[in-house]
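Okay, sequence plus prediction incoming.
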Amino acid sequence: MPEIIQFDDPVLLVGGGELAPELLKQFNNLPMVAADGGANHLQRMACGALFVPEIIVGDLDSLDDRAYWEGVTRVVEINEQDSTDFEKCLYSVDAPYFIAVGFCGHRLDHTLAALHAMQKFCGQKRVILVSSHDVLLVSAEPVSVQLPLQTRVSIYPLPTVTFDTSEGLEYPLNGLTLQQGQAIGTSNSSVCGRVKINPVAGCGVFALILPVECLAAVRHLYEVASNSGN
């Protein structure tokens with residue numbers, strides 16, 4: 001197991017999937033960690049020092065120009081093959097929370113692998129997965145987030161979750177059990193300014209999926225949690 005690399009600020013994780021330069025530029029004030037081939041994106045964008053990661057982590061089988069990167073930043077090779085590069089980043093880096101970009105698109109199996117990693121580290125690491133259209137978090141705990149009216153709110157069970165109550169949703173979750181293949185909670189909608197989702201303690205994990213325009217609201221949720229020490 002490698003040493004844990006500690007950051008005091010939220011960290012931007014960059015993967016090798018679909019990634020628009022415009023999305024990356026939103027986070028140029030955050031320390032950046034590239035998951036293996038995610039560094040290839042940064043090199044192709046040729047944006048100079050702005051997009052040089054603090055560290056590159058992975059088994060390095062997808063890193064195109066290792067010699068170049070070893071000359072400009074820290075490169076950590078982790079040879080085990082029992083986890084994805086996303087997981088390697090999560091278990092070797094610690095931060096108040098992570099914004100993960102470049103882990104969706106191109107291949108559905110990569111997107112599913114990212115969701116797997118987020119469920120695996122749920123309760124240990126706070127991660128916000130961001131794509132060009134969506135923002136996603138995974139939780140086993142109550143979630144309360146400020147949203148505009150009529151915001152798309154999707155709740156997806158991982159794999160089975162029972163809810164106590166919800167507030168602010170067009171279709172309440174009160175007393176419902178969601179399970180893939182049985183019942184899911186996609187394409188719900190907010191009917192007031194704050195949505196609250198309360199799962200039954202110890203009764204499952206769920207993904208909350210919102211439009212990417214809600215990223216600031218989700219970041220605020222994790223900023224509050226980090227500042228409170230939870």
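Great, that's in hand.

Surely residue 221 is in a strand?
No. When classified by DSSP: H, G, I helix; E, B strand; the rest coil, residue 221 is found to be helix rather than part of a strand.

May I ask which helix or strand encompasses the nearest residue to it once chain neighbours are set aside?
Of all residues not flanking residue 221 in the chain, residue 145 sits nearest, at 5.4 Å (CB to CB, 6 or more residues apart in numbering). (C-beta placed from N, C-alpha, C; glycine too.) Residue 145 is part of strand 143-146, with elements assigned from DSSP states H and E.

Next, the buried residues of that strand.
Counting neighbours by 16 or more other CB atoms under 10 Å, one finds that the buried residues in strand 143-146 are 143, 145, 146.

And stretch 71-88, by the same measure?
Applying a neighbour-count criterion of 16+ other CB under 10 Å, the buried positions in stretch 71-88 are 73, 75, 76, 78, 83, 84, 85, 86, 87, 88.

Quick check: the farthest pair among those residues?
Checked with CB to CB, the buried residues of stretch 71-88 reach their widest spread between 73 and 83, with 22.1 Å between them.

Figure out how far the lowest-mean-pLDDT helix or strand in the chain is from the centre of its chain.
In the chain, no helix or strand scores lower on mean pLDDT, DSSP states H and E than helix 21-25, which sits at a mean of 79. Averaged C-alpha coordinates place helix 21-25 at 16 Å from its chain's average position (CA atoms, centre = their mean, to the nearest Å).

quick one: strands adjacent to the helix or strand following that helix?
Using DSSP H and E, the next helix or strand after helix 21-25 towards the C-terminus is strand 32-35. Under the criterion DSSP bridges, strand 32-35 sits next to strand 11-14 (parallel), strand 55-58 (parallel) in its sheet.

and residue 187, which of the ones you listed is closest to it?
Distances from residue 187 to each of the strands paired with strand 32-35 were compared by CB to CB, and the smallest falls on strand 11-14, at 27.7 Å.

on that earlier part again, name the helices or strands packed onto the least confident helix or strand of the chain?
Packed against helix 21-25 by the contact rule (3 or more CB pairs under 8 Å, 6 or more residues apart in numbering; DSSP states H and E) you find helix 38-45.
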